[in-house]
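Engineer: what's the 3D shape of this:
(one chain, ligands or ions: 2)
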Amino acid sequence: MADGGGEPDQLAGERATAQFDVDGMKVAWAGSRHAVEVADRMARLVASDPVFRKDTRTMLSRKELFKDTLKKAAHAWKRIVELRLTEEEANLLRLYVDQPGYVDLHWGMFVPAIKGQGTEEQQKKWLPMAYKFQIIGCYAQTELGHGSNVQGLETTATFDPSADEFVMHSPTLTSSKWWPGGLGKASTHAVVYARLITEGKDYGIHGFIVQLRSLDDHSPLPGVTLGDIGGKFGSGAYNSMDNGVLRFDHVRIPRDQMLMRLSQVTREGKYVHSDVPKQLLYGTMVYVRQTIVADASKALSRAVCIAVRYSAIRKQFGSQDGGPETQVLNYKTQQSRLFPLLASAYAYRFVGQWLKWLYTDVTQKLEAKDYSTLPEAHACTAGLKSVTTSATADAIEECRKLCGGHGYLNSSGLPELFAVYVPACTYEGDNVVLLLQVSVVLHLVARFLMKTVAQVATGKQPVGTIAYMGNIQHLMQCKSAVNTAEDWLNPAAIKEVFEARALRMAVNCAQNISKAPSQEEGFSELSPDLLEAAVAHVQLIIVTKFIEKLQEDIPGPGVKEQLQKLCSIYALHLLHKHLGDFLSTGCITARQGALANELLGKLYAQVRPNAVALVDAFDYTDHYLGSVLGRYDGDVYPALYEEAWKDPLNETVVPDGYQEHLRPLLKQQLKLSRL
Ligand SMILES: CCCCCCCC/C=C\CCCCCC(=O)SCCNC(=O)CCNC(=O)[C@H](O)C(C)(C)COP(=O)(O)OP(=O)(O)OC[C@H]1O[C@@H](n2cnc3c(N)ncnc32)[C@H](O)[C@@H]1OP(=O)(O)O
Ligand SMILES: Cc1cc2nc3c(=O)[nH]c(=O)nc-3n(C[C@H](O)[C@H](O)[C@H](O)COP(=O)(O)OP(=O)(O)OC[C@H]3O[C@@H](n4cnc5c(N)ncnc54)[C@H](O)[C@@H]3O)c2cc1C
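Structural biologist: Ligands and ions are numbered 1, 2, ... in the order given. Model prediction:
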């Protein structure tokens, strides 16, 4: 289209300059050819079904939006059953429907909580009902007064041996369950976390399966108060979810509805704890944090895909002699803001794949009663969840700005993506609280290593993602050998400075804490520094996993070369952003920092001809992207123009309210001017 400057062929031209095999990159991104094929099939299935349309979603009222979500969830389930989709296919289909709703919590938390914390007998009873949607479940942990501090929850489950029942009760206003998704309107059941009290003793937080609503008419059961907690940030967005409030007034449940895999209450009311660590109670959170890391790359890649394609279409300013306007993607500033985000999308994808492997490995070990890797799983999931979600939320907002004014329109898809995504920084563990968990581990290891540094070669070595800390003697004094910009292309050079920075920051904290009157005071005082040390450690994990990915066989002409560039961009943009850390810990010199920046500029120029193809490799349909700016065909302007007319304000030429408010005002002003 030549009309008005929109040039869809522009993207075809961009695709022609790619220096790698896009299909090969799709496989590297998805993990296997099979994964590409299934994802593609499910995405197209959703995109071609009119029930799953979402283009007017931000214009719906809350009630309409919620009803639309119920309709989509029911239709998705119907298609899953009709087509006999596998679990993998069904999960992807739900992903591409792309509308937060009760099903996310049913499959994402209710079912995993029963699987992880229920006995075999309990699983046999409850899971088949959940699998067939005969019951709908949610995860009711957070309360009005307590979220981060799980040990501070107030809801009680008091055992009554005379009836062989627990009495669920909300003793205070602050003990009201508050936030659980799916609770407000949809769920019939919940896994409720409450303080277990038996024989007059409080045994702390345990999980209980509680029926909340009638299976006949969906009304709340006696003693149960339920509702939605109200509208949330943004139009459309997370308002499709019925985050709810729940109060119990002495509600009775049978004893066998306590989740009893970790501990039991006998018929007589005796509390028995099995030999498994009590932290397994938090297992569902570890599982979900792991899925959230994988989801970060999806949200980030969507935003980046929109911003890259639109930046290739959008033109501003010509050359001095009145030549054609320049694609904004050619501006170095646009590249230096956008390409690190593109690189981060790939980095998070690969670290997400690794974390999934780690989670599976830990789960298998737990089944064999080997609990040794549990702290590693907790620290990795908590740290990666925190760092990837914070960076992704910031990146989506940056992509909105990269799209200029049009990025602020709902039709760009970016405001809604941000509004849906940003609570990921809070739910499943506030990001600061989770980073502090990582810093506890780092502090303990650093303190131990400082004490035992002389015997470290013979002492107990740290393993897993903290293994590098065992190399303390080298990392505390090493100096980077980088001498030219190109030296920074060497993964070993990158790894060394990231390891040295992370370790030195952890050791500095441990030294300063040891000077405080007590460890507790020191920890509190130093907590801002501990957070930064935790971030440095997590960034090291992401960089390392990207480097390790590149050691694998990655087929397809040019694919590995592009990934190598993205890996260098990811690491070096972090180095540039956190230059203060690297300089103040003496890991690099100012000159080496400048060389890293010089190389970054060169790498951006090399990525430029590949940028559109690199986002095509995410393989997103226009339906899933949900953005007129990110359309595959690049036909942006007609789409923007057409979209505007769909707004309810444009249903009439003269607006509602004209007669009551505009006309009298205008007439009055006219009269006054004639006086
Ligand atoms: C179709 C597929 C769908 C896929 C999935 C989709 C999911 C849907 C997506 C989005 C929907 C939104 C979902 C949101 C749901 C929620 O938000 S649920 C509520 C989540 N709440 C939290 O995350 C609360 C955060 N707080 C905590 O996790 C903990 O309380 C804490 C980590 C802050 C620890 O507090 P603290 O008081 O210090 O610890 P204790 O409880 O006493 O425990 C101390 C020891 O336990 C270790 N530990 C802590 N957590 C874990 C864990 N998860 N795993 C293993 N170990 C853990 C901790 O390190 C201590 O160990 P030491 O004693 O050895 O030091
Ligand atoms: C969209 C959404 C969906 C949710 N879904 C569910 C669900 O399905 N089920 C469920 O049970 N819950 C759910 N939640 C609740 C969620 O898990 C909690 O909101 C979250 O764990 C944070 O807890 P909080 O709200 O108590 O925050 P707070 O802990 O009150 O945080 C407030 C501030 O205090 C800071 N802070 C807190 N503790 C410390 C500390 N020790 N040191 C330093 N700073 C600290 C935090 O960093 C933050 O800045 C959901 C929340 C949201 C927003």
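Engineer: From here on, just use CA atoms for contacts and neighbour counts.
Structural biologist: Noted.
Engineer: Who are the contact partners of residue 235?
Structural biologist: Residue 235 makes contact with 58-59, 416 under the criterion C-alpha atoms under 8 Å, 6 or more residues apart in numbering.
Engineer: Pull out the buried members of these.
Structural biologist: Using 16 or more other C-alpha atoms under 10 Å as the burial test, those include 58, 416 as buried.
Engineer: Same list, the contacts of residue 235, but as TSV with secondary structure, distance to ligand 1 and pLDDT please.
Structural biologist: Output for the contacts of residue 235, formatted as TSV (DSSP: H, G, I helix; E, B strand; the rest coil; distance: C-alpha to the nearest ligand atom, whole Å; pLDDT from 0 to 100):
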residue	secondary structure	distance to ligand 1	pLDDT
58	helix	20	91
59	helix	23	92
416	helix	15	97
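Engineer: I'd like the contacts of residue 235 as a markdown table, with distance to ligand 2 appended.
Structural biologist: Output for those, formatted as a markdown table (distance: C-alpha to the nearest ligand atom, whole Å):
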| residue | distance to ligand 2 |
| --- | --- |
| 58 | 17 |
| 59 | 20 |
| 416 | 14 |
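Engineer: between the contacts of residue 235, which is closest to residue 485?
Structural biologist: If you rank those by distance to residue 485 using C-alpha to C-alpha, residue 416 comes first, at 40.1 Å.
Engineer: so what's that closest one closest to, chain neighbours aside?
Structural biologist: The shortest distance from residue 416 to any non-neighbouring residue, by C-alpha to C-alpha, 6 or more residues apart in numbering, is to residue 237 (5.2 Å).
Engineer: Repeat that for residue 434.
Structural biologist: residue 382 (5.2 Å).
Engineer: Quick one: name the residues of this structure near ligand 2.
Structural biologist: 139-142, 146-148, 179-181, 423, 426-430, 432-433 (C-alpha under 6 Å from any ligand atom).
Engineer: who touches the residue nearest to residue 416 in this structure?
Structural biologist: So residue 237 contacts 58, 99-100, 416-417, 419-420 (C-alpha under 8 Å, 6+ apart).
Engineer: repeat that for 6 Å
Structural biologist: Contacts for residue 237 (C-alpha atoms under 6 Å, 6 or more residues apart in numbering) come out as 416, 419-420.
Engineer: Equivalent analysis for residue 170, please.
Structural biologist: Contacts of residue 170 (C-alpha under 6 Å, 6+ apart): 155, 247-248.
Engineer: what's the strand or helix carrying residue 418 in contact with?
Structural biologist: Secondary structure assignment for residue 418, by DSSP states H and E: helix 414-421. Counting contacts by C-alpha under 6 Å, 6+ apart, the residues outside helix 414-421 that touch it are 234, 237-238, 396, 400.
Engineer: Among those, which one sits closest to ligand 1?
Structural biologist: residue 238 (9.6 Å; C-alpha to the nearest ligand atom).
Engineer: wait, what's in contact with that closest one?
Structural biologist: Contacts of residue 238 by C-alpha under 6 Å, 6+ apart are residue 420.
Engineer: Just the buried residues of the residues of the chain next to ligand 2.
Structural biologist: In those, the ones that pass as buried (16+ other C-alpha under 10 Å) are 139-142, 146-148, 179-181, 423, 426, 428-430, 432-433.
Engineer: Which ones among the residues you listed map onto strands?
Structural biologist: Using DSSP state E, the members of those that fall in strands are 139-140.
Engineer: And for residue 14, the neighbour number?
Structural biologist: 18 (other C-alpha atoms under 10 Å).
Engineer: pLDDT value on it, please?
Structural biologist: At residue 14, the pLDDT value in this model is 97.
Engineer: three-state assignment of it?
Structural biologist: Here residue 14 is helix, with the state taken from DSSP: H, G, I helix; E, B strand; the rest coil.
Engineer: Mind telling me what element the closest residue to it other than its chain neighbours is part of?
Structural biologist: Counting by C-alpha to C-alpha, 6+ apart, the nearest residue to residue 14 once its immediate chain neighbours are dropped is residue 612, at 6.2 Å. Element membership for residue 612, per DSSP H and E: helix 611-616.
Engineer: Good, wrapping up.
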